[in-house]
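Participant: no sequence on hand, only this structure:
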């Protein structure tokens, strides 16, 4: 296939958004642009991420399991006996592969694949295949003054001082500009545009006019909204018909018993505004493609890097604490770190999370980001593109995971995967193409695997073996128990042993380091239990 005939690729990743938050997956948030892509494209209902930000990004861009890339947990270095926390040289990124085939490659947004974010090195975007980059190298931070904001290989911190700067908008604006420049300067070449939003990852920051749209929308509380959302999901067909809604997380009170309900409502309203603002930006990116008559020649993929995040930030008594990378607003006002019920979230001088609302975001599933039960790994996946590649308006129920994204894009663009890249030997792909999976016999009963901080799982066909570290293995029949409510391990000990052996063989092959070994590393960086790692 000549370059002139290759389709373009637009890959959009959001951060910490639950499976059912989008309107087209049953949520209450206004997402008309993503809903439109879903209506004209394919929605996947059994697609999985890897439960955490950095590992998901590593797997997404390389087609490998994150442990194979050097990012088994996050982007900190565990020393010689643990994960380096750096994208290694045994993998090749999507940008590197597509660039070798004549694509122009652009990225805006969160990178989170390098443990050194201060000194230019071979794990930064321009050094891993991107022609153009604007975004943050680290994992999280203020939406008004994001830490490690970078343009190319240079600091872009001064850009945060322009009036009205809001990181989600800036990511969208950069993607729009990159595409407009591409059609002006490189219209003879196809493009790969990677848009990696930090929305709706904490902190809860959003422009007040967008927050105002959601005033009152969540007033019924999480119990009623979970039931209503689940009913819509059943009507939309984005959960299997026989699925049962899981019980409210037992650690969460009934809505009528919750304290500080007015503050809790404001938290969810800001969270919704973060998703809304992202969708608005996606609409502007789509507008460029339509003006250039390239929408139908562009493969668009949208997904989330992990399930909704229930992390709480305990209030720090001193405003402007140096536990934050950015301690004061641009106006010099100290930032209040933590979930203070007397501080309304949304503004630049706050740093809060939405906590228990994640149980709504992950409807109908249990648990959250960092777990590999369904609530931690279930991702909305929308694929829109040329009609020769997809079946518009369909819902796809074939299981898949992040290792499949690169093979899918390579299949769509007729791009070969290299055995070597430059002087580097490259590991073979772990995934398969998601395009027309019903016609591909390799999809039937293949195994999917996960491990994060000792939490582990294997899915083969309809059976899923999963554990919440350091607990025992649990076994679920996903054909009639997608919400993992009936543990069958005691009934099927032989199957448990068989699947556990398959998991252990995969873990050994892919370089999964046993959790006990990680925890025993002398001097290992640990995250305080009440602050959940904003520094990394």
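Facilitator: Yep, it's here. If you're wondering where the values come from, they're calculated on a predicted model, not measured in any experiment.
Participant: for residue 233, see how far away residue 241 is.
Facilitator: When distance is defined by C-beta to C-beta, to the nearest Å, residue 241 is 11 Å away from residue 233. All C-beta spots, glycine's among them, are computed from the backbone N, C-alpha and C.
Participant: how are the helices of the stretch 101-250 of the chain distributed by residue range?
Facilitator: Assigned by DSSP state H, counting those that start in this stretch, the stretch 101-250 of the chain shows helices spanning 167-185, 208-212, 221-236.
Participant: next, the buried residues of the first one.
Facilitator: Spelled out, it's helix 167-185. Neighbour counts using 16 or more other C-beta atoms under 10 Å place 167-176, 178-179, 182 of helix 167-185 among the buried residues.
Participant: swap in the shortest one?
Facilitator: Of the residues in helix 208-212, those buried by neighbour count under the rule 16+ other C-beta under 10 Å are 210, 211.
Participant: any low-confidence regions in the stretch 301-450 of the chain?
Facilitator: Low-confidence segments of the stretch 301-450 of the chain, defined by pLDDT under 70, span residues 436-444.
Participant: double-check that residue 303 belongs to a strand.
Facilitator: Yes. Residue 303 sits within a strand when classified using DSSP: H, G, I helix; E, B strand; the rest coil.
Participant: from the centroid of the chain, which residue is nearest?
Facilitator: The centre of the chain sits closest to residue 305, judged by C-alpha atoms, centre = their mean, with a distance of 1.3 Å.
Participant: nearest spatial neighbour of that one, chain-adjacent residues omitted?
Facilitator: Using C-beta to C-beta, 6 or more residues apart in numbering and skipping residues adjacent in sequence, the residue nearest residue 305 is residue 56, 3.9 Å away.
Participant: and residue 58, its phi and psi?
Facilitator: Recorded main-chain torsions at residue 58 are phi -60, psi -50, according to degrees, to the nearest 10.
Participant: contact partners for it?
Facilitator: Shown here is residue 58, whose contacts under the criterion C-beta atoms under 8 Å, 6 or more residues apart in numbering are 64, 66, 69, 70, 71, 87, 91, 113.
Participant: which ones among those lie within helices?
Facilitator: Secondary structure assignment by DSSP state H places 66, 69 of the contacts of residue 58 in helices.
Participant: in the stretch 401-536 of the chain, which spans are helices?
Facilitator: Counting by DSSP H, counting those that start in this stretch, the stretch 401-536 of the chain has these helices, from start to end: 405-413, 493-509, 515-519.
Participant: adding distance to residue 102 and mean neighbour count, write the ones you listed out as a markdown table.
Facilitator: Formatted as a markdown table, those follow (distance: least, C-beta to C-beta, whole Å; neighbours: other C-beta atoms under 10 Å):
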| stretch | distance to residue 102 | mean neighbour count |
| --- | --- | --- |
| helix 405-413 | 10 | 22 |
| helix 493-509 | 34 | 15 |
| helix 515-519 | 41 | 13 |
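Participant: could I get the ones you listed as a markdown table with distance to residue 14?
Facilitator: As requested, the helices of the stretch 401-536 of the chain are arranged in a markdown table below (distance: least, C-beta to C-beta, whole Å):
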| stretch | distance to residue 14 |
| --- | --- |
| helix 405-413 | 14 |
| helix 493-509 | 28 |
| helix 515-519 | 28 |
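Participant: burial count for residue 162?
Facilitator: Applying the criterion other C-beta atoms under 10 Å, we find 8 residues in the vicinity of residue 162.
Participant: distance of it relative to residue 71?
Facilitator: When C-beta to C-beta is applied, the distance between residue 162 and residue 71 equals 33 Å.
Participant: relative to residue 415, which of the helices of the stretch 101-250 of the chain is closest?
Facilitator: Using C-beta to C-beta as the criterion, the shortest distance between residue 415 and the helices of the stretch 101-250 of the chain is 18.2 Å, found for helix 167-185.
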